[in-house]
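Next comes the sequence, and after it the predicted model I'd like to discuss.
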Amino acid sequence: MTNRPLNQILMHWMMSWYVRLRLAVQWLTFAQEILSVLPESIACHRMLSDLYSSSLDFENTIKVSESGLELVSRFQTDYGFSLHL
């Protein structure tokens, strides 16, 4: 193993986290845009709630999850069968 200076190791670590954070923000923005286009999509609600949860935004996780559960309930009423969550 090479003896890289500590500042190089820390810089590499910080850059990798920065890239991960940027990707997470891009995915979250993408999911929000999809949800605005497909507001009745159970799958979009599920995806967005997972993204909010993984970013530790629990307030929005709850809001989107509850909205998604209302869609599931409506689907089950309209079509007469249960979705396995």
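Right, received. Where do you want to start?

in the protein, which spans are helices?
In the chain, the segments counted as helices under DSSP state H are 6-37, 42-54, 58-79.

can you tell me the average pLDDT over the first one?
Okay, so that is helix 6-37. What helix 6-37 shows for mean pLDDT is 79.

now it: how far from the chain's centre is it?
The chain centre lies 12 Å from the centre of helix 6-37; the measure is CA atoms, centre = their mean, to the nearest Å.

one step back: most neighbours per residue, which of the helices of the chain?
Across the helices of the chain, averaging neighbours per residue (mean count of other CB atoms under 10 Å) puts helix 42-54 on top, at a mean of 18. For every residue, glycine as well, the C-beta is placed using N, CA and C.

Only C-alpha atoms, please: export it in PDB.
Only the C-alpha atoms of helix 42-54 are listed here, as PDB (Å, rounded to 0.1, in the frame of the first residue of the first chain):
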ATOM      1  CA  ILE A  42     -48.000   4.400  -7.100                       C
ATOM      2  CA  ALA A  43     -44.500   3.500  -8.300                       C
ATOM      3  CA  CYS A  44     -43.400   7.200  -8.500                       C
ATOM      4  CA  HIS A  45     -44.600   7.700  -4.900                       C
ATOM      5  CA  ARG A  46     -42.700   4.700  -3.800                       C
ATOM      6  CA  MET A  47     -39.500   5.700  -5.500                       C
ATOM      7  CA  LEU A  48     -39.700   9.300  -4.200                       C
ATOM      8  CA  SER A  49     -40.400   8.200  -0.600                       C
ATOM      9  CA  ASP A  50     -37.300   5.800  -0.800                       C
ATOM     10  CA  LEU A  51     -35.200   8.700  -2.000                       C
ATOM     11  CA  TYR A  52     -36.400  11.000   0.700                       C
ATOM     12  CA  SER A  53     -35.900   8.300   3.300                       C
ATOM     13  CA  SER A  54     -32.300   7.600   2.100                       C
END
